[in-house]
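>>> Can you look at this prediction? I've put the sequence above it.
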Amino acid sequence: MSTTIEQLSTRHLLGIKDLNENDIQLILDTAANFKEVLNRPIKKVPSLRDITIANVFFENSTRTRLSFELAEKRLSADTINFAASSSSVSKGETLIDTVNNILAMKVDMIVMRHPYAGAGIFLSKHIDAQIVNAGDGAHEHPTQALLDSFSIRERFGDVAGRKVAIVGDILHSRVALSNILCLQKQGAEVMVCGPTTLIPKYISSLGVKVEHNLRKALQWCDVANMLRIQLERQEIGYFPSLREYSMLYGLNKDILDSLDKEITIMHPGPINRGVEITSDVADSKHSIILEQVENGVAVRMAVLYLLAGQRG
């Protein structure tokens, strides 16, 4: 790749709200180049050979952490992994102390997941390293939204003009907010669908449609992004039971077959099979769930590469 690269308008990736449409297109275009690299026999490029990246996860993660680690290795970066339970971090000072200890080891970039919304923004004001938000509480998950857009673009050729329904636990989902912002900036229409108790009150101020009937939402959309119920973030009961939720908002093959058009099914993972989506839908030709996982590595390579291009 050329050394004179187009630059992002931001030094960190803290949230989709900080990106403009040009930033998003640059990341997706760069990801398309990296996806070609990942399909070669030799999947490694020396782009980040002198960069050290710390993966700092204060919350459990499988796919996102592995995806970032693989992206870093494919770019030839040096990586260190730090895992901590959320109980070890209760105040901002503790967070700064933890990260400063890591920075003392001369780290250039930090990929961070944290249970508290805004943790990455807070950190970016206090340290010099570049920060990539790998999810902060129920706030944002920018790389998930970017890989979802990349997957839609790959399926349809363009995101603009597409109708995307985001179904499920919108209230507790960082994926929902990042996706809404990312899709809208690219000219897509967005609808959210779920029980009234799981739809945030402010949601209409984001310019999205709201629907409480799953069949109507599916009939409207080109793409349905099925979110899981985030029981770990729910302090009270938002619906009577998982069984009742599944009856009203679970996507099964019968519903899919009853639509008078074909739609594409997405899911950010992990899937609760039999709750928000049945196995025969998750594994069907309508689903691009595994493509999302594959695209995640290319998109995260693009983000790290473009941010590293601003150093020096």
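Arrived safely.
>>> Give me the helices and strands touching the host helix or strand of Arg215, please.
According to DSSP states H and E, Arg215 maps onto helix 214-220. When contacts are defined as 3 or more Cβ pairs under 8 Å, 6 or more residues apart in numbering; DSSP states H and E, helix 214-220 packs onto strand 163-167, strand 189-193, strand 209-211, helix 253-258. Every residue, glycine included, has its C-beta placed from N, CA and C.
>>> For the longest one, buried residues please.
When burial is assessed from 16 or more other Cβ atoms under 10 Å, helix 253-258 yields the following buried residues: Leu256.
>>> contacting residues around the lowest-mean-pLDDT helix or strand in the chain?
None of the helices or strands of the chain scores lower by mean pLDDT, DSSP states H and E than helix 92-103, at a mean of 76. The contact list for helix 92-103, computed with Cβ atoms under 8 Å, 6 or more residues apart in numbering, reads 54, 56, 58, 80, 82, 84, 88-89, 110, 112, 114, 119, 122-123, 126-129.
>>> how far is the helix or strand encompassing Tyr245 from where the chain is centred?
Using DSSP H and E, Tyr245 falls within helix 242-249. In terms of Cα atoms, centre = their mean, to the nearest Å, the centre of helix 242-249 is found 25 Å from the chain centre.
>>> Just want the angle from it to strand 163-167.
160 degrees (axes from the mean of the first three to the mean of the last three Cα atoms, to 10 degrees).
>>> quick check: domain ranges of this structure?
What automatic domain parsing lists as the domains of the chain is 16-140+293-308, 142-292.
>>> Put together TSV for those domains, with distance to Leu8 on each row.
Putting the domains of the chain into TSV (distance: least, Cβ to Cβ, whole Å) gives the following:
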stretch	distance to Leu8
domain 16-140+293-308	5
domain 142-292	12
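>>> any idea how far Gln310 lies from Val303?
For Gln310, the distance to Val303 equals 12 Å [Cβ to Cβ, to the nearest Å].
>>> These two - which one has more neighbours?
Neighbour count, other Cβ atoms under 10 Å: between Gln310 and Val303, Val303 has more, with 22 against 13.
>>> and that one, helix, strand or coil?
Following DSSP: H, G, I helix; E, B strand; the rest coil, we place Val303 in the helix state.
>>> Show the contacting residues for it.
13, 27, 132, 143, 146 are the contacts of Val303 under Cβ under 8 Å, 6+ apart.
>>> For stretch 304-312, output the C-alpha coordinates as PDB.
What follows is stretch 304-312 as a C-alpha-only set of coordinates in PDB (Å, rounded to 0.1, in the frame of the first residue of the first chain):
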ATOM      1  CA  LEU A 304      -5.900   0.500  12.900                       C
ATOM      2  CA  TYR A 305      -4.000   1.200   9.600                       C
ATOM      3  CA  LEU A 306      -5.700   4.500   9.000                       C
ATOM      4  CA  LEU A 307      -5.300   5.700  12.600                       C
ATOM      5  CA  ALA A 308      -1.600   4.600  12.600                       C
ATOM      6  CA  GLY A 309      -1.200   6.700   9.400                       C
ATOM      7  CA  GLN A 310      -1.700   9.800  11.500                       C
ATOM      8  CA  ARG A 311       1.200   9.200  13.800                       C
ATOM      9  CA  GLY A 312       4.400  11.200  13.700                       C
END
